[in-house]
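> sharing a model that was predicted from the sequence below.
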Amino acid sequence: RYRDLVEGSIEAIMVFQERRPVFVNPAAVRMFGFNAAEEMLALKDFEAFQAPEERERLRELTAARLRGEPTPERYELKMLHRNGTPVWVEVLARRVEWEGRLANQVTLIDVTQRKTAEGAARLAGERLEAAMDGMWCGFWLFDPDERLVLWNEQVLSMFESIRDQFHAGMTFEELIRAGVGTVVTPTEDVEAYVQRRLDEFRDPQGRGIEVQLNDGHWLLLRDRRMANGGTVCLRIDITAQKNAQGELRRQQWLLQSAFDELPLMVYVLDESLRFQVVNRRMAQAQGMAPEQVLGLRHHDLALIPEPSRTWLHDQSALALQSGKPSRHLDVVIGERGGTPRTFEIWFMPLTSSHGNERLVLVVAHEITDRKLLERQLSTSQRMESIGRLAGGIAHDFNNMLAVMSSYGELALDQLVADHPARNDIQTILDATGRAAALTRQLLAFSRRQLLEMKVLDLNRIVSNLEKMLQRVIGEDINLRTKLGARLGSIRADESQIEQIIMNLTVNARDAMPTGGTLTMETARTHLDENYVKSHLEVIPGDYVMLAVTDTGTGMDEETQRRIFEPFFTTKPVGKGTGLGLSTVYGIVKQMAGLVYVYSELGKGTCFKVYFPLVESTTRQEVLAAEKPDHPRGNETILLVEDDEQVREAARRILASGGYQVLAARNGRHALELAQANQGRIDLLVSDVIMPGMSGKEVSDGVRQFGLSRVLFMSGYTDDSIVNHGILEGSYPFLHKPFSKDAMLSKVREVLHSPPAVRP
């Protein structure tokens, strides 16, 4: 029975004496690849079938067992098949007595398949561990019984850092079970965190949830239930990604903010000419938000009129096709308050770095205000040139008129009352007076007339003129006045202010031939920097405004550009000189004021005049001396005039008044006469502008000869006179052309006044 059991066993049973087999069963023969037991028993040493690395260990175990020392009864051993392949066996060994001698009996169980499977599993585990440790995210695994069975180095480092900061003393598994819910950012409570975890856990397509730790780090959490009931958890540190996203958002914000705040309209079109990028200024110009414009085309923008939409579309397409940028000046697109909106527009093709996308960048710069300022500058320069010409002409006319009027009056004085030539000469003098009035208007336009400046109340002047103005405009025109409260004062010549009001009133009356309403309004106003941007000559500050508005025929834009030019008129021939508004312009400019016209055809016209506000309430009154009678005199007068005809006319007028006249043709001649007649001359009467030596230089030169009184005269009062100090109130002044009475009265007034020449 025992033999049957041994020989029928599937486990190898062998007996060894000194490494030589003395018994083997059939299973042992099969295990090592022999054909019969006799082949194995013929071996003198079975050590050759042991793996080399196992031989030393087996020798020690066998010797210890034979000595009766305790040895393991079961162990695994690597053996070799007869063909050299490894055979893993589990060994059960014991010491026995065989045929009277000690021996080792071993039972070998073939575990090669198990060891191979274990090796494969171990290799797979090593590979898994290597893969897990090489992952850039934290990973761990719970089995179905919620036991932590697997994790990698990343999650270990991650949670070790958390434990060091917040949960010292907790084990790794305790910390993982607690989760990051206890250390999320204070902006999110634990319950909200847990709920988000549950929602993500239930959603198989979820992308995970993001949480921020108290230390500022960000984690992406992903949990999934496995088929066997276990749970796999991923923890990804996305701090760098979140920081990069934050920086990207900041850069995008900076670029978008700069893009939106540009004082330009900027947009980008794709190859189908649809808006891909639009700045806020461009969108606002269309009454839309930027996102509403995206995807549209030019033809979808209702606020851009035709044919401008088609032109923009065609130019964009041309830039896209040609690949060449283009620039267009003075492009008119629509209107703003009745003024054409003018743009400077660039079309610039763009190509992506990889070359598979082509775009068009369009930049539109509105230059409406700039064009308006350019027109204003051109108008101002033209008016200045015309003013200089008008002033020069008026000066020459005044000299000629002075001769005509002087000789006319002298001739008239020599004729008896019933002389038939008196009427003819008087007609000549009347025409000379009208010509003088015309030159005064030219001087007003050219800002070269002499003004008597005072601190005035504009409301008082308008109120005083109201009744007279109603008579001027007629009964079919309704006159309305609106006088502003707390108006303030202005510095001006009162007679010239009255002339401004009268000229504007007459102009308004002529614009309403069938009647209407004329409104005269005063107000205190402040012109700020925004107003200055569109009005070239304005200095920011407080002003007193006079507005004259009618409901008449109005004017077109071309007429408005020329309305202040002298001799320009829209009235029929014989109905006006064309100097009314040019006179207003010159007076206002000379008073450092501003005048603007606002008009539309069929809707009327408004003239607005701005005078600088004078804060001082002190009235600077100029006391005009009573007009004296001019009795005959016997004083000696030194007359200096470079124009021979004017000099002779003035000499005869002075001589007719009884004065002794020393006439000098220029400054040097005057000094010679003053020296020769030292102590005898009572008054110097001198022209201001003369070749060689000016009137002021003559007056300075004659002081050394005791001459203490001076009267200056001139045909106009330009900057050169101001620079000489003559218009500063220090010297008496007589404006050409002068009448006989005017000259004799002024001379008598100066002779009776204190000396004007100062050291």
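Great, that's in hand. As the structure is a prediction and not an experimental result, all values here were calculated from the model.
> as a whole number, average confidence for stretch 684-701?
When pLDDT is averaged over stretch 684-701, the result is 88.
> can you give me the end-to-end span of that stretch?
One end of stretch 684-701 to the other measures 11 Å (Cα to Cα, to the nearest Å).
> list the buried residues in it.
By neighbour count on 16 or more other Cβ atoms under 10 Å, the buried set for stretch 684-701 is 684-690, 693-699, 701. Heads up, the C-betas are built off the backbone N, CA and C, glycines and all.
> following element in sequence after the helix-or-strand element of the chain with minimal mean pLDDT, please.
Sorting the helices and strands of the chain by mean pLDDT, DSSP states H and E puts helix 719-723 at the bottom, at a mean of 44. Next helix or strand after helix 719-723 toward the C-terminus (DSSP states H and E): strand 733-735.
> picking that back up, just the buried residues of stretch 684-701: which are in helices?
G695, K696, E697, V698, S699, G701 (DSSP state H).
> for Q292, state which of the residues you listed is nearest.
Q292 has its nearest neighbour among those in K696, at 72.0 Å by Cβ to Cβ.
> wait, a strand at W253?
No: secondary structure of W253 (DSSP: H, G, I helix; E, B strand; the rest coil): helix, not part of a strand.
> now do it: how many residues are near it, please.
Using other Cβ atoms under 10 Å, W253 has 10 neighbouring residues.
> also G216?
10.
> contacts only, for it.
For G216, the contacting residues are T239, by Cβ atoms under 8 Å, 6 or more residues apart in numbering.
> what about it, distance to P420?
Here the criterion is Cβ to Cβ, to the nearest Å. By it, G216 lies 116 Å from P420.
> likewise for A37?
Distance of A37 to P420, computed by Cβ to Cβ: 184 Å.
> before we move on, what about C606?
54 Å.
> A48: neighbour count?
11.
> and A508, its phi and psi?
phi -70, psi -40 (degrees, to the nearest 10).
> bridged to the nearest residue to it once chain neighbours are set aside, which residues?
Take A508 and drop its neighbours on the chain: the residue closest to it by Cβ to Cβ, 6 or more residues apart in numbering is D550, 3.8 Å away. Residues in a beta bridge with D550, per DSSP bridges, are L518, T605.
> same question, F23
Note on F23: beta-bridge partners by DSSP bridges are V15.
> do I have it right that it meets V15?
Yes: with contact defined as Cβ atoms under 8 Å, F23 counts as touching V15 (4.0 Å).
> which neighbours do those two have in common?
W98.
> then V416 would be within a strand, right?
No: if the criterion is three-state DSSP, then V416 is coil and not within a strand.
> run a quick neighbour tally on it.
Neighbour tally, V416, other Cβ under 10 Å: 6.
> tell me which of C606 and P420 has more neighbours.
C606 (18 against 7).
> distance-wise, check that one relative to M545.
Counting by Cβ to Cβ - C606 and M545 are separated by 11 Å.
> before we move on, what about L613?
L613 is 10 Å from M545, by Cβ to Cβ.
> mutual contacts of the two, please.
Here L613 and M545 share the contacting residues R524, scored by Cβ under 8 Å, 6+ apart.
> let's verify R509: helix, strand, or coil?
helix.
> run a quick neighbour tally on it.
21.
> quick one: contacts for it?
V472, I473, G474, I477, L518, D550.
> please apply the same query to R3.
Not one residue lies near R3 by Cβ under 8 Å, 6+ apart.
> ramachandran angles for it?
According to degrees, to the nearest 10, R3 has phi -60, psi -40.
> mind checking pLDDT for it?
The model reports R3 with a pLDDT of 87.
> give the buried residues for stretch 36-46.
Neighbour-count burial for stretch 36-46, with 16+ other Cβ under 10 Å as criterion, is recorded at A37, M40, L41, F46.
> contact partners of it?
If you take Cβ under 8 Å, 6+ apart as the criterion, stretch 36-46 is touched by 14, 16, 19-26, 28-29, 32, 34.
> let's see that with 6 Å instead.
Contact with stretch 36-46 is made by R19, R20, P21, V24, V29, F34, as judged by Cβ atoms under 6 Å, 6 or more residues apart in numbering.
> paired strands for the host helix or strand of Q212, with orientation please.
Q212 is located in strand 209-212, with elements delineated by DSSP H and E. Paired with strand 209-212 in the same sheet, following DSSP bridges, are strand 218-225 (antiparallel).
> next helix or strand past the partner strand?
Where DSSP H and E defines the elements, the next helix or strand beyond strand 218-225 is strand 231-237.
> ok, back up a step: pLDDT, distance to E7 and secondary structure added to the contacts of stretch 36-46, as CSV?
Output for those, formatted as CSV (pLDDT from 0 to 100; distance: Cβ to Cβ, whole Å; DSSP: H, G, I helix; E, B strand; the rest coil):
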residue, pLDDT, distance to E7, secondary structure
R19, 81, 23, coil
R20, 89, 21, strand
P21, 91, 15, strand
V24, 93, 10, strand
V29, 93, 10, helix
F34, 92, 15, coil
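> in ChimeraX, select just the buried ones from the residues you listed.
Typed into ChimeraX, the line below selects the buried ones among the contacts of stretch 36-46, using 16+ other Cβ under 10 Å:
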select :19,21,24,29,34
